[in-house]
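Sequence first, predicted model second:
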Amino acid sequence: MHKIGVIAGRNDPAGFGIAQALRTMPIAEAGISVHVTDKDILMYDGVEREADADLLIFASKHSSKEGRPTFSCHVAGNWGEAKSGGTSRELCVAPAIFLKSMFLALKECATGVPHEVTLEATHHGPFVKTPSLFVEIGSTEEEWGNEKNAKVVASAILQAVSSPPFPLIGAIPSLTIAVGLGGPHYCSQFNKIQLGERVAIGHVCPKHHLHLLDKQALAQAWERTTPKPDFFLLDWKGLGKEKQRIVGLLKESGFPFRRADEF
């Protein structure tokens, strides 16, 4: 059985609520252990040394200026300067198939709940070497402290982890693996694709960070995605003024790419 560590901050009402909800569920049977820390999990680099696991799930609150109710998931890492934890220009390992499973489980478990379910682009810390992702409740104190929301996310975690075959390792023949480039932070184009049966998306670099990409950053996003990607997936309209440069970098580096509107 693979080991899954859920990490939550004691001072984060959303993360702590998710941890408490998980503790009422049959998590041991699924290989899940819950770790609550007094530290800010965005700043908790190297947490894998204290939480022995094959996969880390960071349970957290999500904030936004719009304050819209959301359940979201994404991979950690910084395309540029590390302003909210982690290491500048370092990405964590993106478990693409599990991220898809988490997204689909959130969609299913949130049925009837007035929250948007969305992927987010790769952003913030901490920096860890174990495959990991964030799952979050947004976007105001009212949503963070809501026990029903915590139960939705906890149920989704358990469902995603329990989905056979275990989606962290190996490939699933029917799925291709992609790194997303372009579009908004909330990944409107990639959300539609993630709902389908053909593609699992790991890291996403949004339009507002494309100017930070070079050959090294593209190679890192490719190498730190598991299973190995099949192509970069381009939100064609969402590449903006960086379109020609990004396509040129991909061709020069020999990376295959597909347009999102093909799917």
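Received it, and whenever you're ready, just let me know what you need. Residues are numbered from 1 along each chain as shown.

Any regions of this protein where pLDDT drops low?
1, 164-173 (pLDDT under 70).

show me where it has helices.
13-22, 96-109, 141-144, 147-162, 188-195, 215-223, 243-253 (DSSP state H).

mind putting those in a markdown table, distance to residue 4 and mean neighbour count included?
Where you see a C-beta, it was placed from the backbone N, CA and C, and this is true even at glycine. Converted to a markdown table, the helices of the chain look like this (distance: least, C-beta to C-beta, whole Å; neighbours: other C-beta atoms under 10 Å):
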| stretch | distance to residue 4 | mean neighbour count |
| --- | --- | --- |
| helix 13-22 | 10 | 23 |
| helix 96-109 | 9 | 24 |
| helix 141-144 | 23 | 17 |
| helix 147-162 | 5 | 21 |
| helix 188-195 | 21 | 18 |
| helix 215-223 | 23 | 16 |
| helix 243-253 | 34 | 14 |
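
Any chance of the ones you listed in JSON lines with distance to residue 43 as columns?
Below are those laid out as JSON lines (distance: least, C-beta to C-beta, whole Å):
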{"stretch": "helix 13-22", "distance to residue 43": "14"}
{"stretch": "helix 96-109", "distance to residue 43": "22"}
{"stretch": "helix 141-144", "distance to residue 43": "19"}
{"stretch": "helix 147-162", "distance to residue 43": "22"}
{"stretch": "helix 188-195", "distance to residue 43": "27"}
{"stretch": "helix 215-223", "distance to residue 43": "21"}
{"stretch": "helix 243-253", "distance to residue 43": "31"}
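
Quick one: closest of those helices to residue 233.
helix 188-195 (7.2 Å; C-beta to C-beta).

now for the closest one, which elements pack on it?
helix 96-109, strand 116-119, strand 199-205 (3 or more C-beta pairs under 8 Å, 6 or more residues apart in numbering; DSSP states H and E).

that older thread, of the helices of the chain, which is nearest residue 133?
Among the helices of the chain, helix 96-109 comes nearest to residue 133, with 5.4 Å by C-beta to C-beta.

What sits closest to residue 215 if chain neighbours are left out?
Nearest non-adjacent residue to residue 215, counting by C-beta to C-beta, 6 or more residues apart in numbering: residue 253, 5.2 Å away.

cool, residue 23 as well?
residue 34 (6.0 Å).

and what of residue 225?
residue 202 (4.1 Å).

got it, and residue 138?
Per C-beta to C-beta, 6+ apart, closest to residue 138 is residue 62, 3.3 Å.

That neighbour: neighbour count?
As a burial measure, residue 62 scores 22 neighbours (other C-beta atoms under 10 Å).

what's the answer for residue 116, then?
15.

right, and it touches residue 64 too?
No: contact criterion C-beta atoms under 8 Å: residue 116 and residue 64 do not qualify, at 10.7 Å.

how far out from the middle of the chain is stretch 146-165?
15 Å (C-alpha atoms, centre = their mean, to the nearest Å).

whoops, I mixed them up, stretch 213-220
Distance, centroid of stretch 213-220 to centroid of chain: 19 Å (C-alpha atoms, centre = their mean).

For that stretch, report the contacting residues that lie outside it.
79, 89-91, 181, 205, 232, 242, 246, 249-250, 252-253, 255 (C-beta atoms under 8 Å, 6 or more residues apart in numbering).
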